[in-house]
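Engineer: structure for this input, please:
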Amino acid sequence: MNNSTITPNITEADDSHRAKTQLSFTAATAIAIVFSVIGLVGNVIVFWYLCFRIKKSKYTIYIINLSVADFIFLLFNIVTLILFIHTLTSTNPQAEWKDPFLIFLEIFSKSGQYSGMFILTAVSLERCLSVLFPFWYQCRRPNNLSIIICVSVWILGCTESLIDNLVCPGEAFYVQTTACTAVQIIVFGLAIVICLPIMVISSFILLFKIKRTFDDQYPQKFYIIIILAVIVFIISVIPINFVWFFLYFKVLKSDVAAVGSFFGSMYCLVLNCTIDPYIYFIVGNKWKKKSSHSIKDALERAFRTEDDENDDSNSNKTSNTSNQSNPASIF
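Structural biologist: Modelled structure (predicted):
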């Protein structure tokens, strides 16, 4: 979503319709801000509990980073939307400082957007590999793999955002410079050609795993979380990638299509980043065995996997063995 490319078009509405147009766009933007605030609250809660109240695991590290990515996107998106409202209602909508400030905001918001996409891809792929190759996964997986992957995808996401916003700002987007065209193809390829197939294939494998185990026991909630997060991502984000790709290459030529793409992008990206923490809460409370409704219990159930259960079982066995071998432990 490139706010700096769409804002000038919106503020040049016909005088006879200007007031009505400004009111409609301001209301739509304000609603998006409300949803963004709701998403901020959810992601802060998830981050707090997973960092300070719940035992960390190889998968909660991914979710912590995903919450940070979503938080960064929503925070800077709120500032961008407030600036957008100011542009609609200000007597000086074309202030010189706005374009550089918009680029600054979009560098951070897109860093969160792209990094979140890569983190979701990574956790989907790793969980899929744990199902396909359990022996290798248990014996060969490096202990700090989650940290290494998260650092790598943050570097990749931030780099992609910098290149996207610095090489392809508003003017270059309209003129279709060679460098901007290359950037648009790379951004589209990373999302559609690489991340999307990995997420879809991984989700189908996890669905097959759930189908096989559902008759014997409740499925692992973390499988369901990954699948739901991927589905939300595919429904909300992937179509917008196609729309903006077509918009860049002038397949969609009208101003109405540009404005619709702007608001469609805004709402879809906000939805994707807002709904994830509430998926964790809902799935964590589903099939609960306890009457407790605390957030901590819900998140613990949501992110508990068979690996954690095996670790707890092994630690209990080790503890019992040590107690039995030490006669003094009975006193």
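Engineer: and the helices in this protein, which stretches?
Structural biologist: Using DSSP state H, the helices assigned to the chain run over residues 3-10, 15-52, 60-89, 98-132, 134-140, 145-167, 170-175, 178-188, 196-213, 221-236, 238-248, 255-285, 295-302, 306-325.
Engineer: helices or strands up against the third one?
Structural biologist: Other helices and strands packing on helix 60-89, by 3 or more Cβ pairs under 8 Å, 6 or more residues apart in numbering; DSSP states H and E, are helix 3-10, helix 15-52, helix 98-132, helix 145-167, helix 255-285. C-beta: built from backbone N, CA, C; applies to glycine.
Engineer: let's have the ones you listed in CSV, adding mean pLDDT, distance to L75 and mean neighbour count.
Structural biologist: Converted to CSV, the helices and strands packed on helix 60-89 look like this (pLDDT from 0 to 100; distance: least, Cβ to Cβ, whole Å; neighbours: other Cβ atoms under 10 Å):
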stretch, mean pLDDT, distance to L75, mean neighbour count
helix 3-10, 50, 15, 19
helix 15-52, 86, 6, 16
helix 98-132, 91, 8, 21
helix 145-167, 94, 15, 17
helix 255-285, 83, 10, 20
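Engineer: turn those into JSON lines, columns for distance to I226.
Structural biologist: Below are those laid out as JSON lines (distance: least, Cβ to Cβ, whole Å):
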{"stretch": "helix 3-10", "distance to I226": "31"}
{"stretch": "helix 15-52", "distance to I226": "15"}
{"stretch": "helix 98-132", "distance to I226": "6"}
{"stretch": "helix 145-167", "distance to I226": "14"}
{"stretch": "helix 255-285", "distance to I226": "10"}
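Engineer: I61 is nearest to which of the ones you listed?
Structural biologist: The minimum distance between I61 and the helices and strands packed on helix 60-89 falls on helix 145-167, with 4.1 Å, by Cβ to Cβ.
Engineer: hmm, who's touching the closest one?
Structural biologist: The contact list for helix 145-167 (Cβ atoms under 8 Å, 6 or more residues apart in numbering) reads 58-59, 61-62, 65, 69, 103, 106-108, 110-119, 122, 126, 142, 179-180, 183, 186-187, 190.
Engineer: what sits against N272?
Structural biologist: The contact partners of N272, by Cβ under 8 Å, 6+ apart, come to 232-233, 236-237.
Engineer: which of these lies closest to F303?
Structural biologist: Nearest to F303 among those, with distances taken as Cβ to Cβ, is V232, at 17.5 Å.
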